[in-house]
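Trainee: structure of the sequence below:
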Amino acid sequence: MTTSTLRYQLLPYKGPKTRIDCPSCGKKQQLTPYYDTRTDELLPAEYGHCNRVANCGYHLSPYHKGPSGLSYADMIYQQWKDDQSMTVAQEGYVNQKFLGCSFTQSSKPLEMVKPTPIEPVHCIPYEVFEASLGHYERNQLARLLQQHFGFGVAAELLERFQIGTSAYWPGSCVFWLKDEQNRIRGGQVVLFDQTGHTAKRTMDDGTLKRCTGWVHFALASRYDQKQEARPDWLIHYIDKADKFSIPFGLHQLSTIKTGQAIAIVESPKTAIVCTPYFPQFIWMAIGGLTYLKAERLMPVRGHKLVLFPDTSKAGKAFGLWHDKAVRLCEQGFSVSVSDYLEKRASDEEKAKGFDLADYLLEQWEGYPPDWDTAQVHFS
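Mentor: Got it, this is the predicted structure:
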């Protein structure tokens, strides 16, 4: 194989045997793997480009920097540097001993420093994601959006955030977690009631439980009810996947404009509802009050972030996110906290724990008739 300027290259096609199974969509022999031009060895199976560009689009380059800030190529280079340093240190020790020089450093043997092993990314097959899209006539969230914004804006929001429909609870939706490489990292199933709040179901012991769950558990339950074997991908996903490691709405990074800020809220519904109100932001959701962590925000570290915390009694939620914003800035993030809701919400609304979507929908007086047919594009 010929060498190239870059050490790691996509493997040239020489028949089906030079292609491997895609870790994202699961299709056989559809991934073009990367190989090391110096050794002719293939890289780990997660590094490659899926040939199903339109239906999958998976691509992980060995030069892509992960949450640690290092790429595969960086870690291999760092290992090489560590190996060189160890060799020099060992040679220096031998020379000093031979010349009779005193050597006061630790006599413990030097250990090989190895890069942190790269864990494979476990994803939900693209076909599962695609099968959920649409069916909005039986999707309670879709009806909520149509009621408040009209069919044109609602259609744009459903498409923009790639909302799915689930039969797990009649009327429930799926908030898919799709990363910047087009991989389906997870999916949250939620059923909303007529007021737009999360519905609750009565358990056997009489307690109420929110109708929220995960796609992988819903699928596992369906296979079990049919007494069918769970597919291998589902078994591995349930056992090993990091199921909520990224913000909801991360896939919008492909449309972000230079200098455009990213607004972070707790719930996916809030991110969706806020988009037509404040289109100057790219709206994403972190999933919960305590989920605002550096590791979850690592994919958007290079962007300006504006936090919109929910309300709470005595402003505890605002204070918590403010303190976290300070720590995030110390870690190299560009973060500010908006007091938009804190200043506008009433004491009664704060006592109820209103989020920004609750507040905006409470103030909503209707939409212009032409919104039903308007072709809306949020920028």
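Trainee: what segments of the stretch 51-200 of the chain are strands?
Mentor: Per DSSP state E, counting those that start in this stretch, the stretch 51-200 of the chain carries strands over the ranges 59-60, 164-166, 172-178, 184-190, 200-202.
Trainee: looking at those, which is nearest to residue 350?
Mentor: Residue 350 lies closest to strand 200-202 among those, at 21.9 Å (CB to CB). From N, CA and C alone the C-beta is placed, and that goes for glycine too.
Trainee: now the helices: where do they sit in the chain?
Mentor: Here the chain has its helices, by DSSP state H, at 72-98, 126-132, 140-160, 215-225, 232-240, 268-277, 294-297, 316-330, 340-344, 347-351, 356-363.
Trainee: looking at the ones you listed, which is buried most?
Mentor: Highest mean neighbour count of the helices of the chain: helix 268-277, a mean of 24 (counted as mean count of other CB atoms under 10 Å).
Trainee: which residues does the residue positioned nearest the centre of the chain contact?
Mentor: Closest residue to the average C-alpha location of the chain: residue 246 at 2.7 Å, with CA atoms, centre = their mean. By CB atoms under 8 Å, 6 or more residues apart in numbering, residue 246 lies in contact with 177, 179, 185, 296, 299.
Trainee: distance of it relative to residue 190?
Mentor: Using CB to CB, to the nearest Å, residue 246 is found at 18 Å from residue 190.
Trainee: want to throw the contacts of residue 246 into TSV with pLDDT?
Mentor: Shown next, in TSV, are these (pLDDT from 0 to 100):
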residue	pLDDT
177	95
179	89
185	93
296	90
299	91
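Trainee: let's have the residues you listed in JSON lines, adding distance to residue 340.
Mentor: Below are these laid out as JSON lines (distance: CB to CB, whole Å):
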{"residue": "177", "distance to residue 340": "26"}
{"residue": "179", "distance to residue 340": "28"}
{"residue": "185", "distance to residue 340": "30"}
{"residue": "296", "distance to residue 340": "23"}
{"residue": "299", "distance to residue 340": "25"}
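Trainee: let me know the closest of the residues you listed to residue 311.
Mentor: Among the contacts of residue 246, residue 296 lies closest to residue 311 (CB to CB), at 22.0 Å.
Trainee: picking up where we left off before, the spatially closest residue to the residue nearest to the centre of the chain that is not a sequence neighbour: neighbour count?
Mentor: Distance criterion CB to CB, 6 or more residues apart in numbering; nearest residue to residue 246, sequence neighbours excluded, is residue 179 at 5.3 Å. For residue 179, the number of neighbouring residues by other CB atoms under 10 Å comes to 19.
Trainee: I'd say residue 179 and residue 251 touch.
Mentor: Yes: at 7.0 Å, residue 179 counts as touching residue 251 under the criterion of CB atoms under 8 Å.
Trainee: re the thing from before, of all the strands of the stretch 51-200 of the chain, which one comes closest to residue 66?
Mentor: strand 59-60 (9.4 Å).
Trainee: what are the contacting residues of that closest one?
Mentor: Here strand 59-60 has contacts from 46-50, 121, 181-182, using CB under 8 Å, 6+ apart.
Trainee: returning to that earlier point: return the most buried member of the strands of the stretch 51-200 of the chain.
Mentor: By mean count of other CB under 10 Å, the strands of the stretch 51-200 of the chain have strand 172-178 as the most buried, with a mean of 25.
Trainee: which stretches of the stretch 151-300 of the chain have low pLDDT?
Mentor: By pLDDT under 70, the weakly predicted segments of the stretch 151-300 of the chain are 243-244.
Trainee: try 90
Mentor: In the predicted model, the stretch 151-300 of the chain carries pLDDT under 90 at residues 151, 179-182, 194-196, 202-207, 236, 239-245, 254-255, 258-259, 289-290, 295.
Trainee: before we move on, back to that, for the contacts of strand 59-60, give me CSV that also has distance to residue 213 and neighbour count.
Mentor: Conversion of those to CSV gives the following (distance: CB to CB, whole Å; neighbours: other CB atoms under 10 Å):
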residue, distance to residue 213, neighbour count
46, 27, 21
47, 32, 22
48, 32, 28
49, 33, 19
50, 29, 24
121, 22, 19
181, 25, 18
182, 24, 18
